[in-house]
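Engineer: predicted model and sequence follow; I will ask about them next.
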Amino acid sequence: MDKALLTIEDKNWRFKRVRKMMSEKGIDALLVAGDAVAEGAVRYFVGEFFKIGYGYTFVLFTEERCILFCGGEGRLYVVRNYLDYIREPWTDELRIISASGFIKAFKELHLENKKIGVNEPFFPAKVLNGLKHEMPHAVFNDITMDFQALRRTKTEREIAILQACTDVCEDIWNFNKTFIKPDMLDYKITSEWDYRMFGNHANNTFNLMQNNPYDATCPCWPSYHLPKAIKAGDTILAEITCTLHGYWAQRVACYSMGEPKPIMQELFEANKLAQIEAAKIIKPGVAAADVAKLINQVINNAGFLNPGQFDTGPCAHHCGLEVDEGTFSPGADFVVGENEVVVIHPGAAVKDWSLGKPGMFGPGNMYRVTRDGCVRMSKLPAEFSVIEC
């Protein structure tokens, strides 16, 4: 895959849209933060190759300037990623993180009395409170939701990256059908996924798994518990997720060790139908809440609890520079737009569900929103795969 997928064209397109948002919101500058877990806001300004890796990184963005703050005392090596590998810098300048450095930049750009947009939930409170104290006449507004909504719309090059990342996840889904065997330990399975993903140029993974005869509702990292062996009769839930050039994609897969139990097959079919019906109505202008309500209705009509009625994951969410760029739920207050990417993964459980009783999360597949609908990006079928024991 061509690593030079994002270009200065993408930068100009992004920066123009951010400035339009700032104008509409009456914001004079943005100061956004990111860390190794939630780095989408910073990557949006820096480009595909920059990865935070450790601690916080910040971008100060105005009508004329884009300044990247990274490193900091004792962490100057973080700067090397930028200096060594960025071929076409998107930012005007790189500065080292410090309290005095922030204040100096704000004064240079005459922002002491201006309106500053920040992504407050992702911003270290100590830094934000310090800025408010040092610049009491500046106004700091939370622009998290507006900025996240802006980032949901993708260019063709971004969608190409997401398609390639989807293909990496699909490779793991297919690989598992012959790789997983009885008595294998769960952590050895997910470590093999990591190995294959990184071999296919992934730069991060988020691989979760659960194996249980009936309860396939909540995958987790195998490192969170003692090693668990795969047994004949298990249902395996695999949340296969990685990034390519910073863009997240996933596939939620369900496997049966031997012929599936009838109730597990019924749960799978209910979720699969809910995914299909949801995909039929997703198009620009449709409310995310309406998609979630339809999923819930389809699952309830099949005689099961819907995702909001038991402990499982969300029924759908956007994917991009963050693994979740907007969660679909009956209370969601945003609409779907063209050139957005969504993963749909409903959940269902028996009506008397409790831990260990029959329930299932998935299958889950990626979709691209087009002008008049949505197109499935996952190329392989959504099937309850049977692994011979």
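Structural biologist: That came in fine, so what should we check first?
Engineer: the spatially closest residue to F304 that is not a sequence neighbour and L83: what is the separation?
Structural biologist: Excluding the flanking residues, the one nearest F304 by CB to CB, 6 or more residues apart in numbering is A348, at 4.0 Å. For every residue, glycine as well, the C-beta is placed using N, CA and C. Using CB to CB, to the nearest Å, A348 is found at 50 Å from L83.
Engineer: of those two, which one has the most company?
Structural biologist: The residue with more neighbours, out of A348 and L83, is A348; 33 against 9, by other CB atoms under 10 Å.
Engineer: ok but the more buried one is inside a strand, no?
Structural biologist: Yes - applying DSSP: H, G, I helix; E, B strand; the rest coil, one finds A348 inside a strand.
Engineer: that one bridge partners, please.
Structural biologist: Listed by DSSP bridges, the beta-bridge partners for A348 are M360.
Engineer: before we move on, the earlier item: I'd like to know how far the residue nearest to F304 sits from L355.
Structural biologist: For A348, the distance to L355 equals 16 Å [CB to CB].
Engineer: picking that back up, okay, the residue nearest to F304: pLDDT?
Structural biologist: Looking at A348, its pLDDT is 98.
Engineer: quick check: it touching L273?
Structural biologist: No - using CB atoms under 8 Å, A348 is not in contact with L273, being 9.9 Å away.
Engineer: which of the three states applies to L267?
Structural biologist: Following three-state DSSP, we place L267 in the helix state.
Engineer: apart from its neighbours in sequence, what residue is nearest it?
Structural biologist: M360 (4.1 Å).
Engineer: over to N365?
Structural biologist: In space, and not counting its chain neighbours, N365 is closest to S378: 4.0 Å by CB to CB, 6+ apart.
Engineer: now the one you found: how far from V335?
Structural biologist: Distance, S378 to V335, by CB to CB: 23 Å.
Engineer: looking at these two, which is more packed in?
Structural biologist: Taking neighbours as other CB under 10 Å, S378 and V335 compare with S378 leading, 21 against 15.
Engineer: right, and the more buried one touches M366 too?
Structural biologist: Yes - between S378 and M366 there is a contact under CB under 8 Å: 5.3 Å.
Engineer: so what pLDDT did the residue nearest to N365 get?
Structural biologist: Confidence at S378, expressed as pLDDT, is 91.
Engineer: now do the shared contacts for A348 and L273.
Structural biologist: By CB atoms under 8 Å, 6 or more residues apart in numbering, A348 and L273 have these common neighbours: A302.
Engineer: which residue ranges make up each domain of the protein?
Structural biologist: 8-152, 156-387 (automatic domain parsing).
Engineer: mean pLDDT for these: which is lowest?
Structural biologist: Comparing mean pLDDT across these, the weakest is domain 8-152, with a mean of 88.
Engineer: just give me how far that domain sits from the chain centre.
Structural biologist: 20 Å (CA atoms, centre = their mean, to the nearest Å).
Engineer: end to end, how far does it reach?
Structural biologist: 19 Å (CA to CA, to the nearest Å).
Engineer: same check on stretch 346-353?
Structural biologist: End-to-end distance of stretch 346-353 (CA to CA): 16 Å.
Engineer: same question for stretch 348-362.
Structural biologist: End-to-end span of stretch 348-362 (CA to CA): 9 Å.
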